[in-house]
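> mind looking at a prediction? Sequence and model below.
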Amino acid sequence: MCISKKTCPVPFDQQPLNEYFSLKTSWFFSWSTLDNHEYIKQIFSIFCFFFILFIPFVLSIVSNYSFFQILILDTFVVNIVLILIFIRLYLGWSYIIKRLVSAIVFYEESGWYDGQIWIKSTESLTKDRLIGLYEVTPFIKRIQSSLMILLLSVILENSLYFLIK
């Protein structure tokens, strides 16, 4: 999938298509590319891991609260951590789609001081835009939906916590 050096002066690791494949196969970003069932299962397993991990933390902070309040507080903390994870996922994928859809690619040959600009060929631009629109956009929309659900659950948990209190 590498473009020849004659056609594209951009180093291999900085070519938008190669950045996409690199992100798609990385351990952190790859689970956002799973099908819906596996994606939800992965989020649930991450939630359970952090829920168990943060129970001692929440118990050390609060002591005179009911079991239900501690559960809500722990869920609140876990959802905040999940929101941070999803923000990182969103930023990574939005960077990639920006590079794929853009007709101009900024790259560095050997360091920050010698940046160059490459204007994509029509063929390369078409291929990159198709991949960006049909493969990356669904990941971004799914991450945005997950973020909205998490934000709503944080608001709900916050309201529920103060109702119980």
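Perfect, thanks for sending it. Residues are numbered from 1 along each chain as shown.
> what's the closest non-adjacent residue to Pro16?
Counting by CB to CB, 6 or more residues apart in numbering, Arg99 is the residue found nearest to Pro16 once chain neighbours are left out, at 4.0 Å. From N, CA and C alone the C-beta is placed, and that goes for glycine too.
> that neighbour and Ile85: what is the separation?
22 Å (CB to CB, to the nearest Å).
> got it, and Leu59?
23 Å.
> who has more neighbours, these two?
Ranked by neighbour count (other CB atoms under 10 Å), Leu59 and Ile85 place Ile85 first, with 19 against 13.
> is that one in contact with Ile46, as I believe?
Yes: Ile85 lies in contact with Ile46 (CB atoms under 8 Å); the separation is 7.4 Å.
> can you report phi and psi for Val105?
Main-chain dihedrals, Val105, degrees, to the nearest 10: phi -120, psi 120.
> could you give the bridge partners of it?
Trp118 (DSSP bridges).
> can I get the helix or strand of the chain with the lowest mean pLDDT as PDB, trimmed to CA atoms?
In the chain, no helix or strand scores lower on mean pLDDT, DSSP states H and E than strand 115-119, which sits at a mean of 86. The C-alpha trace of strand 115-119 is given here as PDB (Å, rounded to 0.1, in the frame of the first residue of the first chain):
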ATOM      1  CA  GLY A 115       8.700  20.600   7.200                       C
ATOM      2  CA  GLN A 116       7.500  20.200   3.700                       C
ATOM      3  CA  ILE A 117       4.100  20.100   1.900                       C
ATOM      4  CA  TRP A 118       3.000  17.500  -0.600                       C
ATOM      5  CA  ILE A 119      -0.100  18.000  -2.800                       C
END
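> so the closest residue to Gly132 other than its chain neighbours, which of the three states?
Nearest residue to Gly132, sequence neighbours excluded (CB to CB, 6+ apart): Leu100, at 3.5 Å. Per DSSP: H, G, I helix; E, B strand; the rest coil, the local secondary structure of Leu100 is helix.
> okay, now the unreliable bits of the chain?
Under the criterion pLDDT under 70, the flagged ranges of the chain are 1-6, 111-112.
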